[in-house]
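Undergrad: sequence plus predicted model, see below.
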Amino acid sequence: MTVLFVADLHLCSQRPDLIRAFIDFLENTAADCEALYLLGDIFEAWIGDDYVEAELQPVLDALLNLSQSAQLYFQQGNRDFLAGIGFATAIGAQLLDEQVQIQLPSQQALIMHGDQLCTDDLEYQKFRTMVRSEQWQQQFLSKPIDERLQIAEYLRTQSKQQGQMKSTEITDVNLQAVQQVMNKFEVELLIHGHTHRPATHKVTLEHCIGSRIVLGDWDSSLWYLRCDPLGCNLIEQKINPE
Ligand code: MN
């Protein structure tokens, strides 16, 4: 009984190596898993479920194929927050809320993308509230695809520039936000991505010492979390450049 987690692949047509690595991951590493959780930012950008870049279609096909034998779950990240029911249906996955408690083979866990924990980044949290509002999304989705692509490109450039100016502390999760949400859900394990700082951290909670597992982003390596009845292991594998 194996459950896998990935996040922050940031797939896009400019990185065919990552697309290949992910399809290979789905067809081999994940072939025998019981469930695969996609914890957001699977794509570098997503402008609505009515548009799929041709280069990304094989990824959707491979996910749909895996959904024949495994249960797939998807949580939105800060890049692919517009991937909705249409996307989930296209890959045979269940679309999850942004914070969900799940039962792993070894224990309970809380899962999320992780951007909601970066509460020190006030500017980002303001932006997040805006783009997650129904009004903003309706307005954006009603625009023609060309215009949406342009806006997405602009937002991406802006976010990169702002990110470079922000300190490491500001762009990491806020420890109190972590403790608060873990105490609220009464879980000893939190799994998330987003920060691109793969690690396992101890967290002091009200009644115990818990753990926070941070998934890594896919770049020169791929990262995934593998959970079975014995526990969870964060795994890194080098990606072959071609
Ligand atoms: Mn993210």
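TA: Structure received. Numbers count the residues shown, from 1 in each chain.
Undergrad: distance check, Gln14 against the ion.
TA: 18 Å (Cβ to the ion, to the nearest Å). Heads up, the C-betas are built off the backbone N, CA and C, glycines and all.
Undergrad: now do the buried residues in the biggest helix by length in the chain.
TA: The longest helix of the chain (DSSP state H) is helix 145-165. Using 16 or more other Cβ atoms under 10 Å as the test for burial, helix 145-165 gives 148, 152.
Undergrad: centre of the chain to the helix or strand following that helix, how far?
TA: Beyond helix 145-165 on the C-terminal side, the first helix or strand identified by DSSP states H and E is helix 168-171. Offset of helix 168-171 from its chain centre (Cα atoms, centre = their mean, to the nearest Å): 19 Å.
Undergrad: next one: stretch 43-55
TA: 15 Å.
Undergrad: residues in contact with whichever strand or helix holds Phe22?
TA: Using DSSP H and E, Phe22 falls within helix 16-24. Applying Cβ atoms under 8 Å, 6 or more residues apart in numbering, the external contacts of helix 16-24 come out as 9-11, 55-56, 58-59, 62, 218-219, 222, 239-242.
Undergrad: and the helix-or-strand element of the chain with minimal mean pLDDT, C-alpha only, in PDB?
TA: Scoring the helices and strands of the chain by mean pLDDT, DSSP states H and E places helix 168-171 at the bottom, with a mean of 88. Extracted in PDB, the C-alpha atoms of helix 168-171 (Å, rounded to 0.1, in the frame of the first residue of the first chain):
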ATOM      1  CA  THR A 168      14.200  34.200   2.600                       C
ATOM      2  CA  GLU A 169      12.200  34.600   5.800                       C
ATOM      3  CA  ILE A 170       9.400  36.400   4.100                       C
ATOM      4  CA  THR A 171       9.000  33.800   1.300                       C
END
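Undergrad: now do it: everything it contacts.
TA: 118, 120-121, 163, 195.
Undergrad: dump the residues you listed to JSON lines, plus distance to the ion.
TA: Shown next, in JSON lines, are the contacts of helix 168-171 (distance: Cβ to the ion, whole Å):
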{"residue": "Cys118", "distance to the ion": "9"}
{"residue": "Asp120", "distance to the ion": "15"}
{"residue": "Asp121", "distance to the ion": "12"}
{"residue": "Gly163", "distance to the ion": "11"}
{"residue": "Thr195", "distance to the ion": "8"}
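Undergrad: ok, which pair from these is furthest apart?
TA: Asp120 and Gly163 (13.5 Å; Cβ to Cβ).
Undergrad: count the neighbours of Ala199 for me.
TA: Ala199 sits with 11 neighbouring residues when counted by other Cβ atoms under 10 Å.
Undergrad: ok, it to Gly216 distance?
TA: From Ala199 across to Gly216, the span is 9 Å (Cβ to Cβ, to the nearest Å).
Undergrad: common neighbours of these two, please.
TA: Leu234.
Undergrad: next SSE after the least confident helix or strand of the chain?
TA: Following helix 168-171 toward the C-terminus (DSSP H and E): helix 175-185.
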